[in-house]
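J.: sequence? don't have it. structure:
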């Protein structure tokens, strides 16, 4: 299994290789780089696709800290791109991964060729969500996420995916992955709860940017995407007619089509 030593820890990553322009995929909280399997499958013949697991999630290591703060995870993203020598790259960040993408584009624009922000926000965690996340942290740490999986699924996935009888096996697989999350995932959850917003940095982003959201996303509602789009000059906004907070899994065909169109336009330019 490929690991990369970055900032005093080991990050798990997968790299399709090849001579195409590199795309780095950055995943959402509670998941791993596997949430982009269908994007990698669709794009690997044209692009060099790299997925990685954030510190304290998936198969990556973590320090024994109270919270894996977003600035550390951002520094890890910088370190990974530099150590692999893939800058400037296309960067696709979903939810928490988008937190990294915005910081990269605002602070290290030379590392990016383009930026895709999926189901994400530049704001701090809304106060009304904090008690729910704190409960998640407590349960994950002392019991495991199996106890709350049925409450988390409707946050992570949209109505269409959850109600489609033909996709019951797929739902069961993602529910299993959610339940089997590592017990120390609470450190990463704390980092998300306590993050500061970066909205004031968005005006510095000059990188070609796609902002995409599913119409059924209840975790980061479409209004959040519209706010990002309004703050990032020249950005393109796409609202999928279906899909919740995990659009890479729920609506891969729609998402892949939007990515192919956006990336192709950037490459031609």
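T.: Yep, that arrived. Small disclaimer: the values here were computed from a predicted structure and weren't measured. Numbers count the residues shown, from 1 in each chain.

J.: which other residues reach the helix or strand of the chain with the lowest mean pLDDT?
T.: Least confident element among the helices and strands of the chain, by mean pLDDT, DSSP states H and E: helix 130-142 (a mean of 77). With CB atoms under 8 Å, 6 or more residues apart in numbering as the test, helix 130-142 has contacts from 125, 145, 147-148, 152, 181, 183-186, 189-190, 192-193. Where you see a C-beta, it was placed from the backbone N, CA and C, and this is true even at glycine.

J.: what does stretch 167-174 give?
T.: With CB under 8 Å, 6+ apart as the test, stretch 167-174 has contacts from 153, 156, 157, 161, 162, 246, 249.

J.: one more time with 6 Å, if that's ok
T.: Outside stretch 167-174, not one residue touches it by CB atoms under 6 Å, 6 or more residues apart in numbering.

J.: now swap in stretch 240-253 and tell me
T.: Contacts of stretch 240-253 (CB under 6 Å, 6+ apart): 35-36, 38-39, 94, 119, 156-158, 160-161, 214-217, 219, 254-255.

J.: can you get me the start-to-end distance on that stretch?
T.: End-to-end distance for stretch 240-253, by CA to CA, to the nearest Å: 11 Å.

J.: doesn't residue 25 lie inside a strand?
T.: Yes - according to DSSP: H, G, I helix; E, B strand; the rest coil, residue 25 belongs to a strand.

J.: rewinding a little: now do the helix or strand following the least confident helix or strand of the chain: which elements does it pack against?
T.: Next helix or strand after helix 130-142 toward the C-terminus (DSSP states H and E): helix 149-156. Where contact means 3 or more CB pairs under 6 Å, 6 or more residues apart in numbering; DSSP states H and E, helix 149-156 is packed against helix 168-179.

J.: show me what counts as buried in the helix it packs on.
T.: For helix 168-179, the buried set under the neighbour-count rule, 16 or more other CB atoms under 10 Å, comprises 171, 174, 175, 177, 178.

J.: from those residues, which is closest to residue 69?
T.: Distance to residue 69 across the buried residues of helix 168-179 (CB to CB) is lowest for residue 178, with 23.3 Å.

J.: and residue 101, its phi and psi?
T.: phi -60, psi -40 (degrees, to the nearest 10).

J.: just checking, it touches residue 115?
T.: Yes - contact criterion CB atoms under 6 Å: residue 101 and residue 115 qualify, at 5.1 Å.

J.: what touches both of these two?
T.: With contacts taken as CB under 6 Å, 6+ apart, the residues that reach both residue 101 and residue 115 are residue 91.

J.: helices of the stretch 51-200 of the chain, start to end?
T.: Using DSSP state H, counting those that start in this stretch, the helices found in the stretch 51-200 of the chain span residues 70-84, 96-107, 130-142, 149-156, 159-163, 168-179, 186-193.

J.: distance to residue 231 for the ones you listed - can I get that in JSON lines?
T.: Converted to JSON lines, the helices of the stretch 51-200 of the chain look like this (distance: least, CB to CB, whole Å):
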{"stretch": "helix 70-84", "distance to residue 231": "18"}
{"stretch": "helix 96-107", "distance to residue 231": "10"}
{"stretch": "helix 130-142", "distance to residue 231": "24"}
{"stretch": "helix 149-156", "distance to residue 231": "25"}
{"stretch": "helix 159-163", "distance to residue 231": "28"}
{"stretch": "helix 168-179", "distance to residue 231": "32"}
{"stretch": "helix 186-193", "distance to residue 231": "21"}
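
J.: what's the closest of those helices to residue 199?
T.: Residue 199 lies closest to helix 96-107 among the helices of the stretch 51-200 of the chain, at 9.0 Å (CB to CB).

J.: what sits up against the closest one?
T.: Against helix 96-107 from outside (CB under 6 Å, 6+ apart): 26-29, 70, 74, 77, 91, 93, 111-112, 115, 117, 120, 122, 198, 201, 204-205, 207.

J.: next one: stretch 122-129
T.: Stretch 122-129 has contacts (CB under 6 Å, 6+ apart) with 102, 193, 196, 197, 198, 199, 202.
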